[in-house]
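In: Give me a model of this one.
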Amino acid sequence: MTDASWLYIISYPMLKAFHIIFFTCWFAGLFYLPRIFVNLSMVSEPATYQHLLTMANKLYRFITPFLFLTAIPGIWMLLQSPSWLKMGWLHVKLTLVVLLIVYHFICGHYLKKFKLQNSTKGHVYYRWFNEFPVIILFSVVILAITKAF
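Out: Next comes the predicted model:
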């Protein structure tokens, strides 16, 4: 067994499958969480506010592990194919992924603001904020499929 043979214990197609499954779960939450923020910023009834806040909190706690579960097979695939690090499309993709991770933690920050009932943003802001992961998803998938440059 060579020093790097442990990298190939799980086949590349399996790593890719897990990567896709985990990022699908992560994105589902990133699409829905800001929609809950839209509703939280509009609601006036305390019981409804608390219900939405509970939903948002549970969703954030559910999707956060998928951020890391997405990264593990992604990094593992890179370790199996280090020559990809020389490709421009991958640099752009990784930059977008870093932005998405920042977005995830910004969602956590906004959730804390809602918990403290200290959110200063309105529903229109959160509607626009909700579009960011859609743009990232389109860009990352196109880059990963086409490997254009």
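In: Buried residues in stretch 87-104, which are they?
Out: In terms of neighbour count (16 or more other CB atoms under 10 Å), stretch 87-104 has its buried residues at 89-90, 93, 96-97, 100, 104. In short, each C-beta sits where N, CA and C put it, glycine included.
In: and after the lengthiest helix in the chain, which helix or strand comes next?
Out: Using DSSP state H to define each element, the chain has its longest helix at helix 46-80. Downstream of helix 46-80, the next assigned helix or strand under DSSP states H and E is helix 88-115.
In: what is the mean pLDDT for that following helix?
Out: What helix 88-115 shows for mean pLDDT is 97.
In: Run a quick neighbour tally on residue 79.
Out: Counted with other CB atoms under 10 Å, residues neighbouring residue 79 total 13.
In: er, residue 10 I mean
Out: Residue 10 has 15 nearby residues by other CB under 10 Å.
In: now swap in residue 38 and tell me
Out: Other residues close to residue 38 by other CB under 10 Å number 19.
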